[in-house]
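Novice: Have a look; sequence and predicted model below, questions after that.
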Amino acid sequence: MVAVCRWMILVLALLLDAGASTSQAAPAEASAKPALTILISLDGFRPDYLDRGNTPALSALAAGGVRGAMRPSFPALTYPNHYALVTGKRPDHNGMVNNTLEAAEIPGVSFSMSNHEAVGDERWWDQAKPIWVSAEQQGVHAGILFWPGSEAAIDGVRPSHWQVYDEKLTYDERVDTVLSWIDAKAPPLGLATLYFDRVDTQGHHYGPGSPEVKAAAAEADAAIARLVAGLKARGLLETTNIVVVADHGMAPQPLSGLVEVSTLVDPAKARFVSTGSIVGVRALPGFEAEVAAAMLKPHPHLTCWEKAKIPARYGYGTNPRVPPIVCLAERGWYFVTASALAKRWKEHPRDGGAHGYDPFDPAMRAVFVAHGPAFKSGVVLPVFDNVDVYPLLTRLIGVKGDMGDGTLKPLKAALR
């Protein structure tokens, strides 16, 4: 009888222990479900803009979370770096090698930000898979507002929510659009993005130190404050990870630094695939040797390379879409066509700003701020490469990403 009682006590203890283990596991399983992540791009927003005293909402997120500075990928331009951020691959590997580019597999078409048909053509984007495609393929739904690449069905997949880019959509309307996607709950979002452009626009028109840029930064900050208030009203602020990034920085660019590309080589013998701070040149048939000799000789304020000889630190030059000759301008210098120069003098006859310069130049650095349950408070990170954001995002939303050029290591100190 004593033996039977001891056996019953043992069984009861085991059952109670099993029950306790089950009850303890339930909260762990619930907490394992990824929180909502909102990725926000402030185009052209330098890290030091945070210290100008007129971005209280963004500064509060940084103080209660993480801030840092990112080194953009080469070239330090808008589309290449927006795509690097969401693919983890540098432009040489993601195929978006410039804001303007050509591809042998898409003959007769020049890709540019203003070519709306090309922007929505999957073929320009299919060398890399953005995070929202991986997310949708793995059952995590995404609402992607105005992020470059989101207008195309990449790998045959579109985000659950998306819109064609509309510059006229106000900042308030952009925030409210994303909040409405969150409210819909069908499907429930794991990832959302927002894009704000005017810091970059005003930086180009007036320069990074201008009152106009300061006002544009305050406008973007007000939009972030509206988003934070909207999340708080919905009881979602404490469970949402917010990651704020920029694609590049901005440097002063005086009118005196504008140079016509025709001074480099005869335009009748070469095609300028890209101009500006990054000049891409393709010789017309029969003029290859002559164009190479003209472009590869020393030029004031401009360094040119054959694509295979671009310095390794830039991680650029192997993609077939990279023109045969690539030139990088010295900061403050900008190489343009005669028509572009005339337009600049007519529409903006003043010193302004530009980017696309050496990504190792501190003026090209991009802001990084992160806040939410995944992040520690009060962390300031050393400078890191922007391709490192992608593995962070895949971790936050709980999906398996593609192999890329970035690593989570520089960001681990910021994570709980």
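Specialist: Happy to help now that I have it.

Novice: Read off the pLDDT value for S112.
Specialist: The model reports S112 with a pLDDT of 95.

Novice: Contact partners for the spatially closest residue to it that is not a sequence neighbour?
Specialist: Closest residue in space to S112, ignoring its immediate chain neighbours: T100 at 4.6 Å, by CB to CB, 6 or more residues apart in numbering. To be clear about C-beta, it is placed using only N, CA and C from the backbone, and glycine gets the same treatment. Counting by CB atoms under 8 Å, 6 or more residues apart in numbering, T100 makes contact with S110, F111, S112, V273, S274.

Novice: Reformat the residues you listed as a markdown table; add neighbour count.
Specialist: As requested, the contacts of T100 are exported to a markdown table (neighbours: other CB atoms under 10 Å):
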| residue | neighbour count |
| --- | --- |
| S110 | 14 |
| F111 | 25 |
| S112 | 15 |
| V273 | 23 |
| S274 | 24 |
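
Novice: So which of these belong to strands?
Specialist: Mapping the contacts of T100 onto strands (DSSP state E) picks out V273, S274.

Novice: closest to P188 among the contacts of T100?
Specialist: For these, the minimum distance to P188 (CB to CB) is 34.4 Å, reached by F111.

Novice: which residues touch the closest one?
Specialist: Per CB under 8 Å, 6+ apart, neighbours of F111: T100, L101, E102, A103, A118, V119, W124.

Novice: Pairing partners for the spatially closest residue to the last one that is not a sequence neighbour in the sheet, please.
Specialist: Looking back up the chat, that one is W124. Nearest residue to W124 in three dimensions, chain neighbours excluded: F111, at 5.3 Å (CB to CB, 6+ apart). Taking DSSP bridges as the rule, F111 bridges to L101.

Novice: Distance check, the spatially most central residue of the chain against A246.
Specialist: Nearest residue to the geometric centre of the chain (CA atoms, centre = their mean): H82, 2.9 Å. Remark: distance between H82 and A246 (CB to CB, to the nearest Å) = 10 Å.

Novice: Could you name every residue contacting both of those two?
Specialist: S41.

Novice: Need phi/psi at D358.
Specialist: phi -50, psi 120 (degrees, to the nearest 10).

Novice: Could you check the pLDDT of it?
Specialist: Reported pLDDT for D358: 98.

Novice: same check, this time on P187
Specialist: For P187, pLDDT reads 89.

Novice: Give the burial count for the nearest residue to it once chain neighbours are set aside, as a bare number.
Specialist: The spatial neighbour of P187 that comes closest, neighbours along the chain excluded (CB to CB, 6+ apart), is H141 at 4.0 Å. By other CB atoms under 10 Å, 18 other residues sit near H141.

Novice: coming back round to it: tell me which two of the contacts of F111 sit farthest apart.
Specialist: It's E102 and V119 that sit farthest apart of the contacts of F111, by CB to CB, at 14.9 Å.

Novice: roughly how far out does stretch 304-320 sit from the chain middle?
Specialist: 22 Å (CA atoms, centre = their mean, to the nearest Å).

Novice: Repeat that for stretch 197-204.
Specialist: On the basis of CA atoms, centre = their mean, stretch 197-204 sits 15 Å off its chain's mean C-alpha point.

Novice: which parts of it are buried?
Specialist: Of the residues in stretch 197-204, those with enough neighbours to count as buried (16 or more other CB atoms under 10 Å) are D197, R198, V199, D200, Q202, G203, H204.

Novice: cool, stretch 141-152 as well?
Specialist: In terms of neighbour count (16+ other CB under 10 Å), stretch 141-152 has its buried residues at H141, A142, G143, I144, L145, F146, W147, P148, G149, S150, E151, A152.

Novice: Check stretch 99-111 too.
Specialist: Buried residues in stretch 99-111 (16+ other CB under 10 Å): N99, T100, L101, E102, A103, F111.

Novice: quick one on the thing from earlier: can you redo the buried residues of stretch 197-204 as CSV with pLDDT and secondary structure?
Specialist: Converted to CSV, the buried residues of stretch 197-204 look like this (pLDDT from 0 to 100; DSSP: H, G, I helix; E, B strand; the rest coil):
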residue, pLDDT, secondary structure
D197, 98, coil
R198, 98, helix
V199, 98, helix
D200, 98, helix
Q202, 98, helix
G203, 98, helix
H204, 98, helix
